[in-house]
Every structure is written in structure tokens, then in C-alpha cells.
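> fold the following and give me the result.
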Amino acid sequence: MRALRRWTAALVMIAGLAMLALLLWGWIRRNPQDVPWAPLDLGQPVGLFTGRKLTALTQDKAQCLALLDRAGIRYTALPPRSAGDQCGYDDAVRLADGGVRSIGYRPATLGISCPVAASLALWEWNAVQPAARELLGAEVVAIDHLGSYNCRRINGRSGGDWSEHARANAVDIAGFRLSDGRQIRVVRDWRDKGAVGQFLHRVRDGACDLFATTLSPDYNAAHADHFHLDQAYRGAMGWRACR
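Below you'll find the model as predicted:
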């Protein structure tokens, strides 16, 4: 009898573990964005590991371009550019209006690394447009920027680390144009106490979930007029900055 009870308890435990494993597997299949080893899919909601997966695309140009294609994001691949050991790029693209994207960039000549392009798409879909609809009752039709590629060091200093701009792996966002004609400017509206200020803070927070580095006017005076967004690769578990 004792042996039978032990076997029964063991079988109940095994059945319980099997059931738990099935439930866990089902949750993983429903929530791949929250699983570190699941492949990135730009069509999935933003999850716990989406940002790190986007940053990892800096190490895999082919995968990044394939993800843009799969998501229906229209772009033009830019010719490689080289300017010494620290500057240049070989994975830059120029996003095109249309396709599944409806937001344009002004000026329209913006060229950015593929990982930044993928991250901007997710930012638009999951943060920018939802916040605009909810808080402003309009849609964003264009995003104003201050550029991407710039062969320089951080803050334009003569020494120190090179900026992610030196590889087109960063973009500076200055404002947003709405479907009702309104224009929102980071430099003018960041401290607004109403819906416009809430919108800017919400889209900044949304960028923090997607980019390796997100810097806003809260960081320092040098960022008073823009959001700096980049995908600096700092290793598989590298630190991330959000301010």
C-alpha cells in the first residue's frame, strides 16, 4: 500500500508538471515578444525583449532587411558609405511613404540604419499613432527630424567616443505634424501641461521600450529641441539608456 501511494503521488506530480509545461508552452507561443529566444516579428506587439531583439539587428543586416520586407515596409537600400575607420555605413535605408506605413519623414531624404528603421516602424505603430489618437484626436501624418548620419563624436567633441550618428545608427526627432494641421515641436511643447505635453512624454516613453538609447529634454540642454534615438549595440545584455 505504501508503495502504491508513492507511485500515485509520483504520477500526480508528473501529470502536474506536464500540465504546467503545456501551459507554459502555450503562453510562449501566444507571447513570443516576451521570450528572449523567439525570433523577432515586427507584426507582434511590443514585449519585454522586443527592444533587445531590435538592437541585435545591428549584427545581422540580412535579417533586418528581411524583417522590413516581411512587414511590408517600403524602403530604398542606400549605397555603402565609408569615411575612415569610425564613420560610414553599409546597412542604411531610406523609408518610403506608402505600403503599411502612413507616416512620412521631413525632410524626406532621411537615411538611417536598418535597425533604426525597423524600430521607428514599431514606434509609429505602437506608440506614436495610438498616443496621437487618444490624446490629440488626430493622426500623425509626418515626423520632422534633424538628421541621422553625421561623422562626429558624441556631442561634437574633439575627443571621446564616436556618436551612433557616425554610422547612421541614430536619428534626432524634432516634431510631429498632425492630420488636422497642428504641428508639435519638442523644443516648444515638451513642458506643456496639457494633452500635447502628455503626447510627447508618452511617445518618449514608448521609444524607451524599443531603442537602446532614448534621450529627451529631460537629459540635458543639448537635447532641448529633439529626441535622440539610437540602436547602440553594447553586447547581448548591454545597458540601455532612457531619459
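> count the neighbours of residue 85 for me.
Burial measure for residue 85: 7 neighbouring residues, criterion other CB atoms under 10 Å. Backbone N, C-alpha and C define where each C-beta goes, glycine included.
> go on, residue 235?
Residue 235, neighbours per other CB under 10 Å, totals 7.
> what of residue 122?
Counted with other CB under 10 Å, residue 122 comes out at 25.
> nearest residue to it in space, please, no chain neighbours.
Ranked by CB to CB, 6 or more residues apart in numbering and with sequence neighbours excluded, the top spatial neighbour of residue 122 is residue 210, at 5.6 Å.
> next: residue 163.
Per CB to CB, 6+ apart, closest to residue 163 is residue 154, 4.8 Å.
> quick check: the residue nearest to residue 122 vs residue 195, distance?
Distance, residue 210 to residue 195, by CB to CB, to the nearest Å: 23 Å.
> surely the residue nearest to residue 122 is within a strand?
No. Secondary structure of residue 210 (DSSP: H, G, I helix; E, B strand; the rest coil): coil, not part of a strand.
> list the residues that contact it.
Neighbouring residues of residue 210 by CB atoms under 8 Å, 6 or more residues apart in numbering: 46, 50, 51, 54, 119, 122, 123, 127.
> same check, this time on residue 180
Contacts of residue 180 were listed using CB under 8 Å, 6+ apart, and they are 137, 138.
> going forward, count from 89.
Got it, first residue is 89 now, which makes that one residue 268.
> so which strand or helix has it?
Using DSSP states H and E, residue 268 is not contained in any helix or strand.
> got the domain boundaries for the chain?
As given by automatic domain parsing, the domain ranges for the chain are 89-118, 129-330.
> perfect, I'm done here.
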